[in-house]
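K.L.:
coords please:
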Amino acid sequence: MSMMEKNRAFPAEQLMCIDITGDETGERLDRILAGRFPDFTRSYLQKLIQEGAVSVNEKAAKAGARLTHGDRVTISFPEPEIPEIRPEPVPLDVLYEDSDLIIVNKPKGMVVHPAPGHYSGTLVNALMYHCRGSLSGINGVLRPGIVHRIDQNTTGSLVVCKNDAAHRAIAEQLQAHSITRAYRAIVHGRISQDGTIHTTIGRHPQRRKEMAVNVPNGRDAVTHYHVLEQFDKFTYVECRLETGRTHQIRVHMKSIGHPVLGDDVYGPSKCPFPGLEGQTLHAMTIGFIHPSSGEYLEVSAPLPEYFEELLKKLRRG
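P.N.:
The predicted structure follows:
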């Protein structure tokens, strides 16, 4: 087992059970586990099987065992070793700050919190340095202050809490869907009118790193989109979230045939703009009731330069 795999964060419950689906029938046990747990290498999962940490229907099994629909697989993961997360003097674009919270404009390419392969250079590392340890602890040592997140290649407004009382207040508003979250995006194709997408979103049954609409055990998800500008082959839209599911806007826009431009997971494999890295998605505005004052606070992050330049190109045709 590599040092990185020893340090992978895993849910608190170390005994995991999965049920084999019809699509997985006939697949090898090690291949199924590699698909279900993409953060772990196949060799590491095979080692767990060899050590007897994996059973099928409460019986020992080999890596090459072919499974069938309804089989139950139980995996006993070893206790994870949580790495030490250090403060780092990474520059922050601060949009708002007081004693309860800080709102930052996250740049493209920055990971929000430490995760396998990203234990330094994250927003959390920068916040620990900037806030001198004054961050809420509700989400544990890997996610101090983090009450919500945006993807690595999504830019824009992110609120971070400095104490547990503020964290609970913001989390309650997120759960009640009362927080204003407005994004800007450039999507493929021409959209002629505003609309609302209402589906469930859950883990893709085959591609475990992706999300998908209307899958078993998916969670309710609502996105409202508003057309800002139309171009020949693209549309500039504002998306407002009622819910905050993983990859929600990216998955929802793909589901209606208009994936986000530059999205290398849910969009076309070939990007029409060479050099564009990641999706053109920006968390522009966030608004909520301030935990201490009780007044509504709304903050907006300006579009990043690359986004503005791309819009200029599209307007020129």
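K.L.:
buried residues in stretch 255-266?
P.N.:
For stretch 255-266, the buried set under the neighbour-count rule, 16 or more other CB atoms under 10 Å, comprises 255-256, 258-263, 265-266. Backbone N, C-alpha and C define where each C-beta goes, glycine included.
K.L.:
again, but for stretch 50-57
P.N.:
By neighbour count, and taking 16+ other CB under 10 Å as the criterion, the buried residues in stretch 50-57 are 53-56.
K.L.:
where does this structure dip in pLDDT?
P.N.:
Filtered on pLDDT under 70, the chain yields the residue ranges 1-13, 39, 80-82, 117.
K.L.:
quick one, helices of it?
P.N.:
Ranges of helices in the chain, per DSSP state H, are 3-6, 29-36, 42-50, 123-130, 164-175, 248-255, 305-316.
K.L.:
Compare these and give me the one nearest Asn105.
P.N.:
Distance to Asn105, taken as CB to CB, is lowest for helix 123-130 among the helices of the chain, at 10.7 Å.
K.L.:
Quick one: residues contacting the residue of the chain most remote from its centre.
P.N.:
The centre of the chain is farthest from one residue, Lys59, which by CA atoms, centre = their mean lies 35.5 Å away. If a contact means CB atoms under 8 Å, 6 or more residues apart in numbering, then Lys59 has no contacts.
K.L.:
on that earlier part again, just the ones of the buried residues of stretch 50-57 in strands?
P.N.:
When DSSP state E defines the strands, the subset of these inside them is 54-56.
K.L.:
Would you mind putting these into TSV with distance to Glu24 alongside?
P.N.:
As requested, these are exported to TSV (distance: CB to CB, whole Å):
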residue	distance to Glu24
Val54	15
Ser55	17
Val56	12
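K.L.:
how about the closest residue in space to Asp220 that isn't next to it in sequence, what does it touch?
P.N.:
With CB to CB, 6 or more residues apart in numbering as the measure, Thr200 is the residue that lies nearest to Asp220, at 5.9 Å, once sequence neighbours are left out. For Thr200, the contacting residues are 213-215, 218-221, by CB under 8 Å, 6+ apart.
K.L.:
Over to Val160?
P.N.:
Contacts of Val160 (CB under 8 Å, 6+ apart): 101-104, 123, 127, 135, 145-147.
K.L.:
Out of those residues, flag the one nearest to Val227.
P.N.:
Looking across those and measuring by CB to CB, the closest to Val227 is Ile103, at 27.4 Å.
K.L.:
Show me what that closest one is bridged to.
P.N.:
Beta-bridge pairing of Ile103, defined through DSSP bridges, involves Tyr96, Val159.
K.L.:
any idea which of the helices of the chain is most buried?
P.N.:
Highest mean neighbour count among the helices of the chain (mean count of other CB atoms under 10 Å): helix 248-255, with a mean of 25.
K.L.:
For that helix, which outside residues touch it?
P.N.:
151, 183, 185, 187, 197, 199, 201, 211-213, 221, 223, 225, 239, 241, 245, 259-260, 263, 265-267, 279, 281.
K.L.:
how does it look with 6 Å?
P.N.:
If you take CB atoms under 6 Å, 6 or more residues apart in numbering as the criterion, helix 248-255 is touched by 183, 187, 197, 201, 211, 213, 221, 223, 239, 259-260, 263, 266.
K.L.:
Ok, stretch 263-278 next?
P.N.:
Looking at what lies outside stretch 263-278 - CB under 6 Å, 6+ apart - the contacts are 108, 153, 250, 254, 259, 262, 279.
K.L.:
Determine which two of those are furthest apart.
P.N.:
Spanning the widest gap among the contacts of stretch 263-278 are Lys108 and Lys254, at 19.9 Å by CB to CB.
K.L.:
Return the residues in contact with Gln279.
P.N.:
Gln279 makes contacts with 153, 260, 262-263, as judged by CB under 6 Å, 6+ apart.
K.L.:
repeat that with 7 Å
P.N.:
153-154, 250, 260, 262-263 (CB atoms under 7 Å, 6 or more residues apart in numbering).
K.L.:
With distance to Lys313 as extra columns, can I get these in TSV?
P.N.:
What follows is those, written out as TSV (distance: CB to CB, whole Å):
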residue	distance to Lys313
Asn153	19
Thr154	20
Arg250	22
Val260	17
Gly262	13
Asp263	18
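K.L.:
tell me which of these is nearest to Gly294?
P.N.:
Nearest to Gly294 among those is Thr154, at 29.9 Å by CB to CB.
K.L.:
looking at it, Arg208 is touching Leu33, isn't it?
P.N.:
No. Counting by CB atoms under 7 Å, Arg208 does not reach Leu33; the two are 10.4 Å apart.
K.L.:
thinking again about what came up before, quick one: the residue farthest from the centre of the chain from Asn153, how far?
P.N.:
Relative to Asn153, Lys59 is positioned 44 Å away (CB to CB, to the nearest Å).
K.L.:
and the gap between the residue nearest to Glu27 when sequence neighbours are not counted and Val215?
P.N.:
Counting by CB to CB, 6+ apart, Glu27 lies nearest to Leu67, which is 6.4 Å off, once chain neighbours are set aside. Summarising the geometry, the distance separating Leu67 from Val215, computed by CB to CB, is 20 Å.
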